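Visitor: Could you look at this predicted model? Sequence included:
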Amino acid sequence: MTRRLLIFAIVCAFAAGCRGASGPTGAIPPGPATLSQPPLGARLSPDTNVNELPEPPVVKAVNGVATVSLIADVNPATGLPSFEYEGLHGVAPTIEIEPGQRFVVDVTDDLPASAGLASDMNLHFHGMGSAPRPPGDYVFELAKPGQALHYEVHVPITQEPGLYWYHPHVHMETSYQVGEGGMSGAIVVLGLEKHLPRLAKMKQRLIVVRATGIGVNARPHDDAGAAGDSDDGMPGMAAMPMATARPLNSNKTPCLFYDGLNVALNGAYEPVITIAPGEKQFFRVVNATGHKTLKLNVEGENLQLVAVDGFALDTYPGTPSTESLPYIIVPPAARAEFIVTGPKSGRGKFRTLCYNTGPNGDADPPWLLAKLEAPKHKSAGGDFSTQPLAVGSPLPQNEYTTKLPPPAAKRVVVFSENAKPQFFINGQMFSLKSKPMYVVHVGTVEEWHVVNVTQEIHDFHIHQIHFLVQKINGEPVKHPYWADSVVIPHRYPVGIKSVPGTLDLLMDFRSPIIRGEFLFHCHILDHEDQGMMAKIEAI
Ligand SMILES: [Cu+2]
């Protein structure tokens, strides 16, 4: 379920020429023809295909501090809110940082005041195990137009090396600002190559996937992936009884549905990724869309999954360091880091397969993300080994790499919705005035049984911490893994009954620096905006 009408009303506040509720035509930003220009900040080498996947600009630490200055304003090309970085609209840099260092982000709110709540601004640093206090990852403070916010995030020495991201977190506006507008940037915590040295030989592709716009100017989607319908599981990582279940009362065709959003990689539509036959490249993908679950696939080649939500798979003892998968499911806000092998024929497709979000869910039809093409001239370098990835130095010993203590508390967390639609956790709709739903004790681990009683998936996310995924729909996952954003399956049939989808998670509140109030919520952003969020306090 989405809230297109509300979004349209807010877009009208930004864009001239709205024609009222009779149709969105007047408010529509220019279509892909304008949007398809790679961001001006992209770095392209002279030999690179002009349509080559652009890379976002990178900000590195100097003397242990990475410093970024952003403006939140309206992108003239789209009429939608976006980040402006060094004079470039729709561009947000990647922050590269070592554990133990810190980054400083100043964001100036230059959005039009006439947009009401949609003109407020703040930032959340998704997946960082840092303190939920100002001037750090604290989302209860908002900038109004003309104001600025100053963030300083100390990256814990125990932060696992991998991929994280940042985005605004204005309650009731996240779907508009982050989803439709595309306000997001990547954070890379450095050091994964020490653990898996082969990665250093591979060309890396940092990819922020956004699905922007307000549901028009649709491009034809990729029909080749339609066969991927119905298999909704994370293969190998999770036994999912619902994986082959058909929707109970589906009245639509999720694989053919046309949602009209413009799916782009680092701002480019269907770019070329140059990769030689047999060459291994390291893809690091952020799902920065508002509500798309990406079922990533390369036609004809398995993907080697290395890390989920910033944590190497083998961070948790007993889980193998890589997993070979025909596709990888990345829900909104999640990250996947994996190795792609260049297609033997020299040409291939990096794409999404259709993902079935349930009878009441948003359709996720297949999309062509990028074209894989062999280089025109043979170039030196690159990794062509067919050997499995060997572990170099083990990950540093910390709370994530050791077995967990027994849970100090057990809780049941119910995600529900009604037909309005309104969205609830434990029957409550979020308000900024809400008291914390749970008070947890720093130093403990808790077992959360997360229940989805609805006919669509939700996307469980909690700020500041990672959790260990143990069971999905009651079935133990083959190898437990750390995550911060994970699909809660929709209801599924068992015999003649329909039963709720469930997750069993171990919530890790052991970090002594994570004290105070923070949030957990559904990261399908229109659900979050419409109430599917709650506060938690760690004392
Ligand atoms: Cu949801």
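Guide: Structure received.

Visitor: pLDDT below threshold where in the protein?
Guide: 1-49, 214-254, 256-259 (pLDDT under 70).

Visitor: what does it put close to the ion?
Guide: Residues of the chain found near the ion (C-beta under 5 Å from the ion) are 458, 522, 524, 527. (Glycine included, C-beta is placed from N, CA and C.)

Visitor: can we see that at 6 Å?
Guide: Residues of the chain found near the ion (C-beta under 6 Å from the ion) are 458-459, 522, 524, 527, 532.

Visitor: Can I have the buried ones of those residues as a PyMOL selection?
Guide: PyMOL command restricting those to the buried ones, with burial defined by 16 or more other C-beta atoms under 10 Å:
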select buried, resi 458+459+522+524+527+532
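
Visitor: which ones among the residues of the chain next to the ion are found in helices?
Guide: By the criterion of DSSP state H, membership of the residues of the chain next to the ion in helices covers H527.

Visitor: Of all pairs in the residues of the chain next to the ion, which one is the farthest apart?
Guide: Put simply, by C-beta to C-beta the two of those set farthest apart are D459 and M532, 9.4 Å from each other.

Visitor: what residues are shared contacts of these two?
Guide: Taking C-beta atoms under 8 Å, 6 or more residues apart in numbering as the contact criterion, the residues that touch both D459 and M532 are 522, 524.

Visitor: about what we covered before: now the residues of the chain next to the ion in a markdown table, please, with extra columns for distance to E98.
Guide: As requested, the residues of the chain next to the ion are exported to a markdown table (distance: C-beta to C-beta, whole Å):
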| residue | distance to E98 |
| --- | --- |
| H458 | 34 |
| D459 | 29 |
| C522 | 32 |
| I524 | 33 |
| H527 | 35 |
| M532 | 35 |
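
Visitor: The residues of the chain next to the ion in strands, which ones?
Guide: With DSSP state E as the criterion, strands contain 458-459, 522 from among the residues of the chain next to the ion.

Visitor: Where does the spatially most central residue of the chain fall, secondary structure wise?
Guide: Most central residue of the chain, judged by C-alpha distance to the mean C-alpha position with C-alpha atoms, centre = their mean, is A333 at 2.0 Å. Element membership for A333, per DSSP states H and E: none, as it lies in no helix or strand.

Visitor: right, and it touches S485 too?
Guide: Yes - the pair A333 and S485 qualifies as a contact (C-beta atoms under 8 Å) at a distance of 4.2 Å.

Visitor: anything in contact with each of these two?
Guide: With contacts taken as C-beta under 8 Å, 6+ apart, A333 and S485 have 126, 459, 461, 523 as neighbours in common.

Visitor: Give me the number of neighbouring residues for N63.
Guide: N63 has 5 neighbouring residues, counting by other C-beta atoms under 10 Å.

Visitor: sorry, back to before: by neighbours, which of the shared contacts of A333 and S485 wins?
Guide: With neighbours taken as other C-beta under 10 Å, the top of those is H523, carrying 28 neighbours.

Visitor: circling back: which one of the ones in strands among the residues of the chain next to the ion sits closest to Y85?
Guide: Within these, the smallest distance to Y85 is 27.4 Å, found for D459 (C-beta to C-beta).

Visitor: Quick check: that closest one vs F423, distance?
Guide: Going from D459 to F423 by C-beta to C-beta, to the nearest Å gives 12 Å.

Visitor: Please enumerate the shared neighbours of those two.
Guide: 522, 527.

Visitor: Now distance to L163 too, for the ones in strands among the residues of the chain next to the ion, in a markdown table please.
Guide: As requested, those are arranged in a markdown table below (distance: C-beta to C-beta, whole Å):
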| residue | distance to L163 |
| --- | --- |
| H458 | 23 |
| D459 | 17 |
| C522 | 21 |
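
Visitor: Now do the same contact list for whatever residue of the stretch 201-350 of the chain ends up closest to the ion.
Guide: Taking C-beta to the ion as the measure, the point where the stretch 201-350 of the chain comes nearest the ion is H291, at 8.2 Å. Contacts for H291 were tallied using C-beta under 8 Å, 6+ apart; they are 2, 175, 179, 211, 332, 362, 524-527.

Visitor: try 10 Å this time
Guide: Contacts for H291 were tallied using C-beta atoms under 10 Å, 6 or more residues apart in numbering; they are 1-2, 175, 179, 211, 259, 261, 331-332, 357, 361-362, 364, 457, 459, 522-528.

Visitor: cool, and E399?
Guide: Applying C-beta under 10 Å, 6+ apart, one finds that E399 lies in contact with 129, 158, 405, 445, 466, 508, 510-511.

Visitor: try S321
Guide: S321 sits next to 195-196, 304-307, 312-315, 388-391, 395 when contact means C-beta under 10 Å, 6+ apart.

Visitor: Among the residues you listed, which one has the most neighbours?
Guide: Each of the contacts of S321 was scored for neighbours by other C-beta under 10 Å, and A307 scores highest at 27 neighbours.

Visitor: Please tell me how far that residue sits from H167.
Guide: Relative to H167, and taking C-beta to C-beta, A307 is found at 20 Å.

Visitor: cool, and S114?
Guide: Using C-beta to C-beta, we find S114 at a distance of 23 Å from H167.

Visitor: Can you name the residue of the stretch 351-500 of the chain nearest the ion?
Guide: Taking C-beta to the ion, the stretch 351-500 of the chain has H458 as its residue nearest the ion, at 3.3 Å.

Visitor: Surely that residue touches R491?
Guide: No - contact status for H458 versus R491: not in contact, 11.4 Å apart, counting by C-beta atoms under 10 Å.

Visitor: can you list residues touching both of the two?
Guide: When contacts are counted by C-beta under 10 Å, 6+ apart, H458 and R491 have 358, 452, 501 as shared neighbours.

Visitor: Touching, F125 and V107? I think so.
Guide: No - applying C-beta under 10 Å, one finds F125 not in contact with V107, separated by 11.8 Å.

Visitor: joint contacts of these two?
Guide: Jointly contacting F125 and V107 under the rule C-beta under 10 Å, 6+ apart are 151, 166.

Visitor: if we can go back for a sec, what's the residue nearest to the centre of the chain in contact with, if anything?
Guide: Going by C-beta under 10 Å, 6+ apart, the list of residues near A333 reads 124, 126-127, 165, 167, 178, 184, 286-290, 309, 459, 461, 484-486, 522-525.

Visitor: Brilliant, that's me finished.
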